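Q: I would like the atomic coordinates for the input below:
(chains A, B and C)
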Amino acid sequence: MSRQERLLWSMASIGLAVFLVIAVAKVSEIRLVSPIFLPPPQRIWAALVKGLTMGNFGAMFLATVRHMVVGLTLAACLGIGLGAMIGTSASARAYLMPTLEFLRPFPSSAIIPVTIAFFGLTETMMLAVIAFGSFWPILMATIHGFSTVEPRLEDVSRALGLSRQSAMMKIALPHAMPDILGGMRIGLTMALVLATVGEMLTGRNGLGQTILLAARSFRTADLYAGIILLGVIGFASMLIFDRVERRLLRWRS
Amino acid sequence: MPGQLRTHPWQPRPVAEARAAADPVIAASGVSLDLGGTAVLSDIDLAVARGEVVCIVGASGCGKTSLLRLLAGLLRPTAGEVSYQGNPVRRPRSDIAFVFQDYGKALLPWRNAAQNVSLALEAIGVPKPARAKRIEELLVKVGLAGHAAKLPRELSGGMQQRLQIARCLAQEPSVLLMDEPFGALDAMTRQALQDETLAIAAASHASIVFVTHDLDEAIYLGDRVLGLAGSPGRISETVPVHLPRPRDQLTTRENPEFVRLRRALHDFIGTVERDRRAQ
Amino acid sequence: MRGAPRLLPFDWRGLVLPVGFLLAIELIATMSTIERDAFAAPSAVLAAAARTLSSGVTLKAAGETVITAGAGLLLGLVIGLLVGIPLGLFRRADLLMMVPLESLRPVPPVALIPLSLLIFGFGYRMEIAVVAFAVVGPIFLFTRSAIRGIDPQLMEVSHALGLGFLAQVTKIVLPAILPRIFVAFRIALGIALVVAVTVEITANPLGLGYRMTIAQQSLQPDLMFALLLWIGLLGWSLNALLVRAEARLFGAAA
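A: Sure, this is the predicted structure:
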């Protein structure tokens, strides 16, 4: 398929999206589906604009982002740090990997009641949950990355007489970077999910709280607006992450 | 006695060997190696003089690479000792450089050519301001001037191997250990790199221990050719090479002495094969 | 196993940490007077786990979770296949649907919980809807890439045989992608369980997640941890079952 044809169909795709929005507006207008469940897009847009300009949507948006970023940063520091240490030590792996593999399939959201039991419905509890959920994939990916360094590069590192720290920073870390970034991508998704859930449960500031309250008081337009904003966070964070990943892994073909 | 250097009966004891025995740069004495329960090498005696090129040939799996890794300090012998300028080698040293056959895996793919060479300089502690100049000189020396900013995957096979050699030279080694470095390259690139290696060695007076399965290459490059054979591997043949230097791809290879040496080595390989099949 | 001294015929090093940890917790629990709201001795947890099993609570709650997760999984599987197969086969259709589908992708499934609650109220339907939404994305992506990965010669053969479209799909395409769909199914099952438990913890009063929340709120940490254990066991055993089935059905093809 030629480049022009590809472009044509992509344009058509935008057209399709517009058509669908208009269709939804129609469906809502003729009350095929109750506007309580599916408000007309104009009303959703109005709610979005109003919430951002006069309401607290902006603050809630930032609050969710902040929860994600703090939790993810914590998870990354711990995950990469521990992962590097465990990945480079065969004996550490022998002691720890069975336990880690056993804990891996546990759903991180199941840890929420436990965290509430320990920390109560607080900000700390939420950050602990986010960090825990994101930490796991980052840790496992980092361990994998550091434990599968090309053996020839290990030879080179020894032949050159690199110190253990030097070898880790100059050879193991760049080599493990693709794996680490893969784990961070999953961690990013988890951070958004757990931030939303945490806000819903604790009632603390954030879009999770916004949409739950909107649902409870049947303010459906606000609800959809909140969902859209969450989608925007998801979209933007992935975009930024892709950019960063591409830059860091420029050396790959 | 098994393992002793065996020379052709009508040759006088070669001068190079005498010199090496007297004041070797790097030497192995009575070295044996067991890996994973199997005896790989047995009773190896080897001495390399300053500026000497010693080539090691032998069938695959006879322990050539292991011997080289022993000399580099990447492996410890089960018996005997490897010594460098009289002192025992317990771990790799910066003045013994190793050139690996799989250059693709031995270079850092995320660093460009200049940065790859820089790795060696960083390892030996050259301060940052001094590095750029040395890197440039080394890249020129191996013929990679102008490719400094290229990543390894953007370089051809021959150029990658040159880059690895440049990195090794950055260590300013007195001994260059090369493990079938040109085996994965085409014939023309191989010949060019052979000559470049000889030129570099001559200029820096470094000693070279060169492992190859290509008999012609061994004779072309070497002052001596050692034949490794058997399982466990032993040095069962030593062939001194008295060909004039500098070597030339055309005239040296047509030299009747070259032809005679080639036949001698072929006979050696033939005997080894026969013995092996007989077992 | 070069490092460990040969005391036992298997690598015992992996057990040191968990066994040591559990023993330590047990000791602390029995000896100290730490707040018992959040803390439970492993022995108490095991006792609670046995109790829930014998009283039938485990089975009932696990059943609720599994049924909702399973129903949502199946729904998501069907939709994912129905969308993924045509879009995988026809590049043009894929490009056409790109903008609408990509707009849906970034929305985290948990964001749909309040919406689902609004539409369906508490109960099974609400949870099934959220699970289905969570699973559709991965299934669709897997299906599409599995289709793209079919050996083009296989498709040529089907053209040459003059098979109609439906016959092509059922006789050639589906069997070719079946192993990869099974892998996708296994992964989606994990997602389905996690999402189901999340919905139960957050909003919906049924299943193991809900029971865990109740246990936490009524300050019964031993019960809470016991339920956590059951959740983990459920996920692990279902995954193990599927891995076994995968190996049996597909062997080297998977």
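Q: list the contacts for the residue lying closest to residue A:102 once chain neighbours are set aside?
A: Counting by CB to CB, 6 or more residues apart in numbering or on different chains, residue A:102 lies nearest to residue C:18, which is 7.5 Å off, once chain neighbours are set aside. For glycine as for every other residue, the C-beta is placed from the backbone atoms N, C-alpha and C. Neighbouring residues of residue C:18 by CB atoms under 8 Å, 6 or more residues apart in numbering or on different chains: A:98, A:99, A:102.
Q: among those residues, the buried ones, what's the PyMOL command?
A: With 16 or more other CB atoms under 10 Å in any protein chain shown as the criterion, this PyMOL line picks the buried residues out of the contacts of residue C:18:
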select buried, chain A and resi 98+99
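Q: which of the contacts of residue C:18 has the weakest pLDDT?
A: Ranked by pLDDT, those bottom out at residue A:102, which has 83.
Q: what's the longest helix in chain C?
A: helix C:57-89 (DSSP state H).
Q: between the contacts of residue C:18, which is closest to chain B?
A: Nearest to chain B, judged by CB to the nearest CB, of the contacts of residue C:18 is residue A:98 at 25.5 Å.
Q: which of the helices or strands spans the closest one?
A: Taking DSSP states H and E as the definition, one finds residue A:98 inside helix A:90-103.
Q: grab the nearest non-local neighbour of residue C:139.
A: In space, residue C:139 is closest to residue C:80, 3.0 Å off (CB to CB, 6+ apart).
Q: surely that neighbour and residue C:140 touch.
A: Yes: using CB atoms under 8 Å, residue C:80 is in contact with residue C:140, at 4.3 Å.
Q: now do the contacts for the nearest residue to residue A:82 once chain neighbours are set aside.
A: Distance criterion CB to CB, 6+ apart; nearest residue to residue A:82, sequence neighbours excluded, is residue A:139 at 6.0 Å. Residue A:139 makes contact with A:78, A:79, A:82, A:83, A:86, A:100, A:183 under the criterion CB under 8 Å, 6+ apart.
Q: any idea which of those has the most stuff around it?
A: residue A:183 (28 neighbours; other CB atoms under 10 Å in any protein chain shown).
Q: near the nearest residue to that one once chain neighbours are set aside, how many other residues are there?
A: The shortest distance from residue A:183 to any non-neighbouring residue, by CB to CB, 6+ apart, is to residue A:141 (2.6 Å). Neighbourhood size, residue A:141 [other CB under 10 Å]: 25.
Q: coming back round to it: hmm, who's touching the helix holding residue A:98?
A: A:85-87, A:136, A:139-140, A:143, A:147, C:3-4, C:11, C:13-18.
Q: right, and the helix or strand after that helix?
A: helix A:111-119.
Q: quick one: residue C:146 from chain B, how far?
A: Look at residue C:146 and chain B: by CB to the nearest CB, to the nearest Å, they are 30 Å apart.
Q: contacting residues for that residue?
A: Contacts of residue C:146 by CB under 8 Å, 6+ apart are C:88, C:177, C:180, C:181, C:184.
Q: hang on, it is in a helix, isn't it?
A: Yes: using DSSP: H, G, I helix; E, B strand; the rest coil, the assignment for residue C:146 is a helix.
Q: CA atoms only for stretch C:132-151, dumped as PDB, please.
A: Included here for stretch C:132-151 are C-alpha records, laid out as PDB according to Å, rounded to 0.1, in the frame of the first residue of the first chain:
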ATOM      1  CA  ALA C 132     -14.500  -7.000  29.700                       C
ATOM      2  CA  PHE C 133     -13.200  -3.500  28.900                       C
ATOM      3  CA  ALA C 134      -9.900  -4.200  30.600                       C
ATOM      4  CA  VAL C 135      -9.400  -7.400  28.600                       C
ATOM      5  CA  VAL C 136     -10.500  -6.300  25.200                       C
ATOM      6  CA  GLY C 137      -7.500  -4.100  24.600                       C
ATOM      7  CA  PRO C 138      -4.800  -6.800  25.100                       C
ATOM      8  CA  ILE C 139      -6.800  -9.500  23.300                       C
ATOM      9  CA  PHE C 140      -7.300  -7.200  20.300                       C
ATOM     10  CA  LEU C 141      -3.700  -6.300  20.100                       C
ATOM     11  CA  PHE C 142      -2.600  -9.900  20.400                       C
ATOM     12  CA  THR C 143      -5.000 -11.100  17.800                       C
ATOM     13  CA  ARG C 144      -4.100  -8.400  15.400                       C
ATOM     14  CA  SER C 145      -0.400  -9.100  15.700                       C
ATOM     15  CA  ALA C 146      -1.000 -12.900  15.500                       C
ATOM     16  CA  ILE C 147      -2.800 -12.400  12.300                       C
ATOM     17  CA  ARG C 148      -0.100 -10.200  10.900                       C
ATOM     18  CA  GLY C 149       2.400 -13.000  11.800                       C
ATOM     19  CA  ILE C 150       0.700 -15.600   9.800                       C
ATOM     20  CA  ASP C 151       3.000 -17.000   7.100                       C
END
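Q: just the CA trace of stretch B:88-103, in CSV.
A: Provided in CSV are the C-alpha atoms of stretch B:88-103 (Å, rounded to 0.1, in the frame of the first residue of the first chain):
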residue,chain,number,x,y,z
PRO,B,88,52.8,-14.5,38.3
VAL,B,89,49.6,-13.5,36.5
ARG,B,90,46.6,-13.9,38.9
ARG,B,91,44.2,-11.5,37.2
PRO,B,92,44.0,-9.6,34.0
ARG,B,93,46.4,-6.7,33.6
SER,B,94,46.1,-3.5,31.7
ASP,B,95,49.3,-4.1,29.7
ILE,B,96,48.0,-7.4,28.4
ALA,B,97,45.3,-6.8,25.8
PHE,B,98,42.9,-9.3,24.3
VAL,B,99,41.3,-9.1,20.9
PHE,B,100,38.1,-11.3,20.7
GLN,B,101,36.9,-13.1,17.5
ASP,B,102,33.3,-12.0,17.9
TYR,B,103,34.0,-8.3,17.6
